[in-house]
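Participant: Quick one, what's the 3D model for this:
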Amino acid sequence: MRRRPPVFRTSGERRAFMIGYDRESLQVGRRSTPSARAGPGDLDPGSIIERGGRAMSTMGWGPNAHGGPIVAFAGLDGFLGTRGSLMLDVVVVLLAAVVPVLAWSIHLARRRAVTAHRRIQTVLALALLVVITAFELDVRYFSDWRERATDSPYYARDVASVVGAGLLLHLGIAVPTAVLWCVVVVDAWRRAGQTPTGAFRSRHRALGWAAALGMALTAVTGWVFYYLAFVA
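Facilitator: Numbers count the residues shown, from 1 in each chain. From the prediction side, this is the model:
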């Protein structure tokens with residue numbers, strides 16, 4: 001069973017780890033005759049790198065699937081087996097669950113099951129609010145999604161990259177959709193217990209369908225961004 005590598009506090013520490021495990025670098029400074037006591041040669045960078053590489057190999061750390069070193073990122077790793085963090089994986093799974101539940105909720109509304117429809121919409125809205133809040137805290141204070149996306153061939157540290165464009169597209173749909181969904185839910189709760197008028201029904205139906213379409217597009221663009229940044 002492989003041990004988990006340490007979490008690096010800075011990108012400089014991560015680069016030092018990668019350099020230290022480079023196979024060619026391990027050959028630099030190798031001593032021809034081992035000594036029981038440390039001498040001046042033991043302090044040169046090549047010897048330190050060599051000993052560090054042997055120690056990492058002994059502890060079960062080795063090349064990853066791409067031929068590079070296994071690198072630990074800041075924050076908690078996800079459960080989907082990718083480079084994504086824990087909260088990234090939670091959001092991806094939640095988006096996969098929201099779409100069918102949202103479709104079922106609309107089906108209930110069409111069957112005049114208004115109370116069940118309202119409750120499902122409220123639960124979905126609260127769940128998304130909690131998860132997105134936790135996700136924002138994770139991204140800002142615990143993990144670095146850019147560092148996790150570094151190994152992707154589609155990533156570069158500017159918005160001109162494919163990953164950057166995918167993120168902008170996702171946010172351009174997700175943010176207005178979240179605002180619109182909140183408007184629909186709050187407006188419906190404000191009129192709870194009242195006899196809905198024809199104008200309210202028409203407006204609620206139009207805004208509800210717009211929010212549902214926006215949520216479906218949010219899920220699709222989110223999955224595309226996740227694949228480009230943390231799977232590819």
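
Participant: After the helix or strand bottoming out on mean pLDDT in the chain, which helix or strand is next? Please name it.
Facilitator: Least confident helix or strand, the chain: helix 45-58 with a mean of 45, by mean pLDDT, DSSP states H and E. Downstream of helix 45-58, the first helix or strand assigned by DSSP states H and E is helix 86-110.

Participant: same for that following helix, what does it pack against?
Facilitator: In terms of contacts (3 or more C-beta pairs under 8 Å, 6 or more residues apart in numbering; DSSP states H and E), helix 86-110 is packed against helix 114-141, helix 198-226. (Each C-beta comes from the backbone N, C-alpha and C, glycine too.)

Participant: Of those, which is nearest residue 170?
Facilitator: Each of those has some distance to residue 170 by C-beta to C-beta; the shortest is helix 198-226, at 4.0 Å.

Participant: how about the closest one: buried residues?
Facilitator: Within helix 198-226, the residues that qualify as buried are 204, 207-208, 211-212, 214-219, 221-222, 225-226, counting by 16 or more other C-beta atoms under 10 Å.

Participant: Does residue 195 fall in a helix, a strand, or a coil region?
Facilitator: coil (DSSP: H, G, I helix; E, B strand; the rest coil).

Participant: which stretch in the helices and strands packed on helix 86-110 is the model least sure about?
Facilitator: Across the helices and strands packed on helix 86-110, helix 114-141 has the smallest mean pLDDT, namely a mean of 88.

Participant: quick one on the thing from earlier: quick check: which of the helices and strands packed on helix 86-110 is nearest to residue 86?
Facilitator: Using C-beta to C-beta, these put helix 114-141 closest to residue 86, at 7.3 Å.

Participant: Please spell out which residues along the closest one are buried.
Facilitator: For helix 114-141, the neighbour count (16+ other C-beta under 10 Å) marks 117-118, 120-121, 124-125, 128, 131, 135, 138-139 as buried.

Participant: Show me what it is packed against.
Facilitator: helix 86-110, helix 162-190.

Participant: Indicate which one of those is closest to residue 231.
Facilitator: Closest approach to residue 231 among the helices and strands packed on helix 114-141 (C-beta to C-beta): helix 86-110, 10.3 Å.
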